[in-house]
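1. no FASTA, just this:
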């Protein structure tokens, strides 16, 4: 009897290094590739923000379309549906005598709830939901820790994992796949409007024209590493703020699974063999292991990651101040370095790693606002949202996560170090364009006559919303 297996795509929108597609293609006569636009992903979250904003929705739509194109080139198609997977998948299973459903395991609580719902919906059928692990650089079965034993701190996790585990080889893309059953409608890919969102155009000042999909991800990989030869100086430039190439920008394609971390790893190792091996090439791998760490932390702590006290269960008396949060979110705090980063996020869906750490520290430490507001806002806005990386990093930077030192950032020191001439601030805050470099990060220090001269008198740029030094004094005193 011919066998049919269903491959349920989620955050693994690629055909290369995709274990579930590779294995199903080898085991079955026919594969049904399926993607569900789950309406829950486009609803409002607990804090009232879209769970997926228009920038990420557009990137996702492009990624699904690219996956469909890759499958069509191999003789089949991607079945696309709008609806909960626990409704869609059992219907396909029953209609086409599917004997098994393959899916990559996720770690977020909401993702796991959907997995359980699909398992339950499949129970009356003969099809079994079969999990594989494809999210991290190091396979979950290979790291030298069980889930409960994942260290609280990154360095011991990294050192022991590097010493005792190996990175598995990538899986090749299938050469050809059997066509879909005759009469099966592949379905239309959703639009941003169809998902209930208002389309938004990315600002021309954005660092990169992010296009979703494995094809664009592989192009970026080749461009950054090989064509522009930028990997050799990654460690030196990664804290930049302006332009496409101060960092790799692989994160959006990683988050949607258009690129796997192992694909990036193999390119880094090939680059080390063929061109140069140095601290920068290692640092790319170092960052991929950070991503692994937060994935396994999410798996370990589950719902605790989303508690107010965070995974480390640290009780903090957060303030409630909707007006203060609104000024942070809209980039009107009166602190140019914070405001520039937030405006970049709002208008492009992206922010540098340096910027993310600073705005998170400012919200949770200087404003003393519940860190989960910021994490949820980022979830709505970021092109490269990943549940573990986003919530893990927010907890880390807010004093309730895996930072053993519970540090905070000095915003002005950071601004003067990483944007010494104010080029980044002026890029996103044109109202400060005429300020000299030594004034651009502290416009409140200008005299009234200087404010008038630079067009800031009478509301050209907001006054600081807090006494910054007083907030640092509070933090220093515990």
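-> Good, I have the coordinates. If you're wondering where the values come from, they're calculated on a predicted model, not measured in any experiment.

2. Pull the residues that contact stretch 193-204.
-> Residues from elsewhere that reach stretch 193-204 (C-beta atoms under 8 Å, 6 or more residues apart in numbering): 37, 39, 42, 50, 52-55, 57-58, 82, 192, 209-210, 344, 347-349. Yep, even glycine has a C-beta here, placed from its N, CA and C like the rest.

3. likewise stretch 464-478?
-> 324, 327, 333-335, 365-368, 408, 410-412, 444.

4. in it, what counts as buried?
-> Neighbour counts over stretch 464-478 (16 or more other C-beta atoms under 10 Å) mark 465, 466, 468, 471, 472, 475 as buried.

5. And stretch 209-218, by the same measure?
-> 210, 211, 212, 213, 214, 215, 216, 217, 218.

6. For residue 21, state which of the residues you listed is nearest.
-> residue 214 (11.7 Å; C-beta to C-beta).

7. ok, now how distant is that closest one from residue 68?
-> 11 Å (C-beta to C-beta, to the nearest Å).

8. before we move on, back to that, just checking, which of the buried residues of stretch 464-478 belong to helices?
-> Among the buried residues of stretch 464-478, the members found in helices (DSSP state H) are 468, 471, 472, 475.

9. can you redo those residues as JSON lines with distance to residue 253?
-> What follows is those, written out as JSON lines (distance: C-beta to C-beta, whole Å):
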{"residue": "468", "distance to residue 253": "37"}
{"residue": "471", "distance to residue 253": "37"}
{"residue": "472", "distance to residue 253": "38"}
{"residue": "475", "distance to residue 253": "37"}
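
10. Quick check: phi and psi at residue 44.
-> When read as degrees, to the nearest 10, the backbone of residue 44 gives phi -80, psi 140.

11. In helices, which of the contacts of stretch 464-478 fall?
-> Counting by DSSP H, those contribute 324, 327, 411, 412 to helices.

12. how about TSV for the residues you listed, with distance to residue 280 added?
-> Output for the ones in helices among the contacts of stretch 464-478, formatted as TSV (distance: C-beta to C-beta, whole Å):
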residue	distance to residue 280
324	39
327	38
411	27
412	28
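
13. most surrounded residue in those residues?
-> residue 411 (23 neighbours; other C-beta atoms under 10 Å).

14. Am I right that it is in contact with residue 363?
-> No - using C-beta atoms under 8 Å, residue 411 is not in contact with residue 363; the gap is 11.3 Å.

15. For residue 397, which non-adjacent residue is spatially closest?
-> residue 360 (4.0 Å; C-beta to C-beta, 6 or more residues apart in numbering).

16. How many neighbouring residues does the one you found have?
-> Residues near residue 360, counting by other C-beta under 10 Å: 22.

17. check which helix or strand covers it.
-> Using DSSP states H and E, the element containing residue 360 is helix 353-361.

18. buried set for that helix?
-> 354, 355, 356, 357, 358, 359, 360, 361.

19. what's that helix packed up against?
-> helix 336-348, helix 371-381, helix 387-397, helix 411-418 (3 or more C-beta pairs under 8 Å, 6 or more residues apart in numbering; DSSP states H and E).

20. mind checking which of those helices is nearest residue 272?
-> helix 387-397 (24.8 Å).

21. now for that closest one, which elements pack on it?
-> Helix 387-397 packs on helix 279-301, helix 353-361, helix 371-381, going by 3+ C-beta pairs under 8 Å, 6+ apart.

22. Quick one: mean pLDDT over the longest one.
-> It refers to helix 279-301. Helix 279-301 carries an average pLDDT of 98.

23. can you offset everything so residue one is 422?
-> From this message on, residue numbering opens at 422, which makes the last subject helix 700-722.

24. And that helix, what does it pack against?
-> helix 575-585, helix 655-658, helix 682-695, helix 808-818.

25. what's the angle between that helix and helix 774-782?
-> 40 degrees (axes from the mean of the first three to the mean of the last three C-alpha atoms, to 10 degrees).

26. just to revisit the earlier point, could you check how far the helix holding residue 781 is from the centre of its chain?
-> 14 Å (C-alpha atoms, centre = their mean, to the nearest Å).

27. State the distance from the residue nearest to residue 818 to residue 670.
-> 20 Å.

28. what does the helix holding residue 781 contact?
-> 659-662, 668, 749, 758-759, 761-763, 765-766, 772, 792, 795, 799, 814-815, 818-819, 829-830, 832, 835, 839.

29. same thing but 6 Å
-> 660, 759, 762, 795, 815, 818, 829, 830, 835, 839 (C-beta atoms under 6 Å, 6 or more residues apart in numbering).

30. ok, back up a step: of the ones in helices among the contacts of stretch 885-899, just say which sits nearest to residue 730.
-> Closest to residue 730, out of all of the ones in helices among the contacts of stretch 885-899 and judged by C-beta to C-beta, is residue 745, at 21.0 Å.

31. Now do the same for that closest one: its pLDDT.
-> At residue 745, pLDDT is 98.

32. do residue 656 as well
-> 97.

33. And for it, the neighbour number?
-> 17.
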